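# Curious how this folds, go ahead:
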Amino acid sequence: MTLGAREEFKIYLLMYAKRLGAEGLKGKIEELLRSLMGNIFEDEDDDKDGGKVLGEGEANGSSQGSTNKEELVGWKREELLKEVVVVLGKHRDLQRITVPYARLLGVVEQQRPANEDGEMDTEL
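Residues are numbered from 1 along each chain as shown. Here you go, the predicted model:
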């Protein structure tokens, strides 16, 4: 890793996410979120056939320089994903994509009904 590459990676990742959000490229946004998520919420015991699961870097023949699956260029995947979700969450038309990730990460919690009837209060 070159000097400053870690910080530059995060800066450019967030710039990329902002641009995707501004352009409304839902397919690319889904791809970005899935790749950032990797398998940070999966147990290593989930591989039932016992075969080796290819990591993101191994699939395309490149190595990311880190042996830890939970990190990407020295950053925790979960931290990067949270920041990208927050950046993308500002675009209302993308919330259908970002809210499930935000809930999974604990960025937002599901709203509970405000009254005893199970219905939301709408009166002021």
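# what about K82, helix or strand, and which?
K82 is part of helix 77-89, with elements assigned from DSSP states H and E.
# and the helix or strand following that helix, C-alpha only, in PDB?
Towards the C-terminus, the helix or strand next in line after helix 77-89, according to DSSP H and E, is helix 95-105. Once non-C-alpha atoms are left out, helix 95-105 reads as follows in PDB (Å, rounded to 0.1, in the frame of the first residue of the first chain):
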ATOM      1  CA  GLN A  95     -34.100   4.800  -0.200                       C
ATOM      2  CA  ARG A  96     -35.800   1.600  -1.300                       C
ATOM      3  CA  ILE A  97     -32.200   0.300  -2.000                       C
ATOM      4  CA  THR A  98     -30.400   1.800   0.900                       C
ATOM      5  CA  VAL A  99     -32.800   1.400   3.800                       C
ATOM      6  CA  PRO A 100     -32.400  -2.400   4.100                       C
ATOM      7  CA  TYR A 101     -28.600  -1.900   4.300                       C
ATOM      8  CA  ALA A 102     -29.100   0.800   6.900                       C
ATOM      9  CA  ARG A 103     -31.300  -1.400   9.000                       C
ATOM     10  CA  LEU A 104     -28.800  -4.200   8.800                       C
ATOM     11  CA  LEU A 105     -26.000  -1.900   9.900                       C
END
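# can you list contacts of helix 95-105?
Residues external to helix 95-105 that are found in contact with it (Cβ atoms under 8 Å, 6 or more residues apart in numbering): 26, 29-30, 33, 37, 41, 78, 81-82, 85-86, 88-89, 108-110. Backbone N, C-alpha and C define where each C-beta goes, glycine included.
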